[in-house]
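> Need a 3D model of the following:
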Amino acid sequence: MNKVKTFRSDSKIIIRLAMPVILSQISLTMVQVVDTIFIGRLGHEALGAVSLVITLFWMLQTLGLGFATGITASIARMIGKGDEKSASLFFRSGTAGITLLGLFCVPPLFFFHNQIFTLIRMPEDLFHPASLYFTTLIFFLPVLYMLTSTEAAFRASGDTKTPMVISFFMNGLNILLNWLLIFGNLGFPKLGIIGAALASGISYSLGLAILIFLSGKRSWGLRGLGMKGISISLNHLWGIIRISIPATLERLAMSVSQLLVMVTSVNILGSIHVAAFHIIFRLASLSFMPGFGFAIATSTITGQYLGAEEPDRAHKGIWQSTILCAFVMAGVSLLYFLIPGPLTSLFTNEPAILELTPEPIRIYALMAVFLAPTMVLGGGLRGAGDTGYPMIIMFISRFLIRVPFSWFLGIHLGMGLKGVWFAMCFDFLFRAILLAFRVQGGKWKNIRI
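A predicted model of the protein is given here:
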């Protein structure tokens with residue numbers, strides 16, 4: 001009976017932590033969908049340009065997301081131990097470090113963006129709109145890094161509702177600003193693709209300001225060290241970096257490999273295929289949301305249970321979260337399989353794109369359930385501080401499976417986008433199997449922070 005009660009209790013905790021993350025991620029993705037719809041009205045050149053710039057930005061975000069992994073593992077472990085002073089030092093030290101790094105990244109990215117576009121073989125007709133979007137958005141990179149780290153701190157403490165509420169605010173503001181600045185409504189200047197970038201950046205900035213203010217009311221936040229509001233610890237920063245380096249490399253592998261897929265297997269098909277791929281990925285990203293939510297919840301409970309010296313409960317929680325996530329993602333996949341055409345028509349009315357998208361969407365829908373163990377098992381390992389193994393698996397699966405098979409199926413065998421999505425889905429399955437072996441092995445239970 002105690003085991004049954006524990007199972008139910010842990011399931012409730014997982015769902016309570018996961019649901020706000022899922023809702024905020026859905027909200028964010030819906031805003032990205034609205035962005036795509038708005039930008040799609042500017043033509044397929046603008047849509048393709050934004051698609052490639054976003055792919056580049058995912059690569060840049062790896063630093064912020066890697067730091068967020070270290071902050072999550074560190075703060076969750078300290079909260080589990082009841083050591084909120086150390087949690088506060090981890091928060092301020094990690095956030096200060098990643099923000100400073102973001103500031104150093106902006107100048108070279110701004111001045112050498114054309115060389116980057118050439119390197120990724122961006123179609124020539126996309127260069128101008130991509131340059132306008134990228135050079136505007138890049139100035140908000142430090143804000144995005146700090147926002148990511150601050151959200152991670154709230155979630156690691158067990159508070160996933162506050163980031164959710166702020167996410168709703170940011171996303172609603174982003175939609176409004178897109179409508180005002182892209183098309184010049186209500187007397188605002190008609191800025192087109194620049195307006196889309198400004199809308200995102202302004203929304204990030206205001207959301208960050210609110211979260212920083214609220215963190216001052218938390219014992220692990222800015223008030224955690226009394227009057228020493230700017231105190232940081234190099235030892236605590238190094239502790240975050242030690243965990244974050246493999247997580248950052250993992251996410252870098254994920255972003256670089258996806259960029260290589262675009263370069264070797266999508267861009268060379270032409271701007272229509274780039275735009276179609278972007279729409280398919282936008283739709284697919286909606287089904288990622290349960291995975292993100294349950295992965296973050298799993299990271300939190302794993303870190304807190306290990307901090308409280310309950311490793312077996314952490315182990316069971318990881319698998320509970322995986323099963324719950326798989327059921328949710330299976331339901332979303334069914335919808336995608338049944339109505340791919342109407343979903344695509346939300347983004348564009350160009351016949352060439354509408355013809356390209358249904359089959360790849362159905363291929364993804366059949367395989368998306370394997371994303372649940374890929375995301376949730378990896379989240380559990382990262383919450384334990386075991387970031388090295390997921391990194392190795394990511395490098396193997398992305399560079400030895402996703403990239404070469406995308407080219408082989410999509411270009412060499414002439415399957416186009418269908419072949420690319422077959423390769424991407426097989427990557428999901430491969431990583432799910434290897435991560436399952438790692439979780440069952442249990443070595444992650446002995447990692448110290």
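> what about residue 156, neighbour count?
When neighbours are defined as other CB atoms under 10 Å, residue 156 has 30 of them. For every residue, glycine as well, the C-beta is placed using N, CA and C.
> ditto for the one 10 residues further on
In terms of burial, residue 166 registers 22 neighbours under the definition other CB under 10 Å.
> again, but for residue 216
Residue 216: 11 neighbours (other CB under 10 Å).
> which stretches of this protein have low pLDDT?
Scanning the chain with the threshold set as pLDDT under 70 gives 1-8, 28-33, 223-230.
> Which strand or helix spans the closest residue to residue 167 other than its chain neighbours?
Sequence neighbours aside, residue 24 is the residue nearest to residue 167 in space, at 3.6 Å (criterion: CB to CB, 6 or more residues apart in numbering). Taking DSSP states H and E as the definition, residue 24 sits inside helix 2-40.
> helices or strands up against the helix or strand following that helix?
Counting by DSSP H and E, the next helix or strand C-terminal to helix 2-40 is helix 44-81. Contact here means 3 or more CB pairs under 8 Å, 6 or more residues apart in numbering; DSSP states H and E; on that basis helix 44-81 packs against helix 2-40, helix 84-111, helix 127-137, helix 141-156, helix 193-215, helix 234-261, helix 271-307, helix 371-383.
> Could you say which of the ones you listed is packed most deeply?
Of all those, helix 371-383 carries the top mean neighbour count, a mean of 28, counting by mean count of other CB atoms under 10 Å.
> what inclination does the helix or strand residue 176 falls within have with respect to helix 44-81?
Assessed by DSSP H and E, residue 176 sits inside helix 161-183. Per axes from the mean of the first three to the mean of the last three CA atoms, to 10 degrees, the angle that helix 161-183 makes with helix 44-81 is 170 degrees.
> Mind listing what's buried along helix 161-183?
Burial within helix 161-183, assessed by neighbour count using 16 or more other CB atoms under 10 Å, is assigned to 161-164, 166-168, 170-171, 173-175, 177-183.
> Indicate which one of the helices and strands packed on helix 44-81 is closest to residue 340.
Residue 340 sits nearest to helix 271-307 of all the helices and strands packed on helix 44-81, at 8.1 Å, using CB to CB.
> could you check the angle helix 371-383 makes with that closest one?
Using the same axes, to 10 degrees, one finds that helix 271-307 and helix 371-383 are set 50 degrees apart in direction.
> The next helix or strand after helix 271-307 packs against which elements?
Counting by DSSP H and E, the next helix or strand C-terminal to helix 271-307 is helix 311-338. With contacts defined as 3+ CB pairs under 8 Å, 6+ apart, helix 311-338 has these neighbours: helix 2-40, helix 271-307, helix 358-367, helix 371-383, helix 417-441.
> need the ones you listed in a markdown table with distance to residue 197, can you?
Formatted as a markdown table, the helices and strands packed on helix 311-338 follow (distance: least, CB to CB, whole Å):
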| stretch | distance to residue 197 |
| --- | --- |
| helix 2-40 | 10 |
| helix 271-307 | 16 |
| helix 358-367 | 28 |
| helix 371-383 | 28 |
| helix 417-441 | 27 |
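> now for the ones you listed, which one comes closest to residue 448?
Of all the helices and strands packed on helix 311-338, helix 271-307 sits nearest to residue 448, with 9.5 Å by CB to CB.
> can you give me how far the closest one is from the chain middle?
On the basis of CA atoms, centre = their mean, to the nearest Å, helix 271-307 sits 6 Å off its chain's mean C-alpha point.
> How about stretch 160-172?
16 Å.
> and if you look at stretch 154-169?
Counting by CA atoms, centre = their mean, stretch 154-169 is centred 15 Å from the centre of its parent chain.
> which residues touch it?
By CB atoms under 8 Å, 6 or more residues apart in numbering, the surrounding residues in contact with stretch 154-169 are 16-21, 23-25, 27-28, 71-76, 79, 87, 151, 206-207, 210-211, 214-215, 218, 220, 296-297, 299-300, 303-304.
> Contact partners for residue 406?
Per CB under 8 Å, 6+ apart, neighbours of residue 406: 261, 264-265, 419-420, 423-424.
> give me that answer again for 6 Å
Neighbouring residues of residue 406 by CB atoms under 6 Å, 6 or more residues apart in numbering: 261, 265, 420, 423.
> JSON lines for these, including distance to residue 36?
Compiled in JSON lines, the contacts of residue 406 are given as follows (distance: CB to CB, whole Å):
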{"residue": "261", "distance to residue 36": "19"}
{"residue": "265", "distance to residue 36": "21"}
{"residue": "420", "distance to residue 36": "19"}
{"residue": "423", "distance to residue 36": "23"}
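> Out of the residues you listed, which end up buried?
261, 265, 420, 423.
> Just name the closest of the residues you listed to residue 336, please.
residue 420 (16.6 Å).
> and the gap between the closest one and residue 180?
The spacing between residue 420 and residue 180, counted by CB to CB, to the nearest Å, is 36 Å.
> now residue 147
22 Å.
> same deal with residue 119?
34 Å.
> Repeat that for residue 360.
Taken as CB to CB, the span from residue 360 to residue 180 is 34 Å.
> same check, this time on residue 304
Using CB to CB, one gets 42 Å for the distance from residue 304 to residue 180.
> ditto for residue 418
Residue 418 is 39 Å from residue 180, by CB to CB.
> Equivalent analysis for residue 284, please.
From residue 284 to residue 180 the distance is 29 Å (CB to CB).
> before we move on, what about residue 162?
27 Å.
> again, but for residue 42
Distance of residue 42 to residue 180, computed by CB to CB: 15 Å.
> ditto for residue 399
Taken as CB to CB, the span from residue 399 to residue 180 is 42 Å.
> and what of residue 281?
26 Å.
> Equivalent analysis for residue 216, please.
Taking CB to CB, one finds residue 216 at 31 Å from residue 180.
> And for residue 441?
Taking CB to CB as the measure, residue 441 falls 53 Å from residue 180.
> swap in residue 345?
Distance of residue 345 to residue 180, given as CB to CB: 25 Å.
> Then residue 392?
Residue 392 is 46 Å from residue 180, by CB to CB.
> what's the answer for residue 70, then?
37 Å.
> Same check on residue 270?
Per CB to CB, residue 270 is found 33 Å from residue 180.
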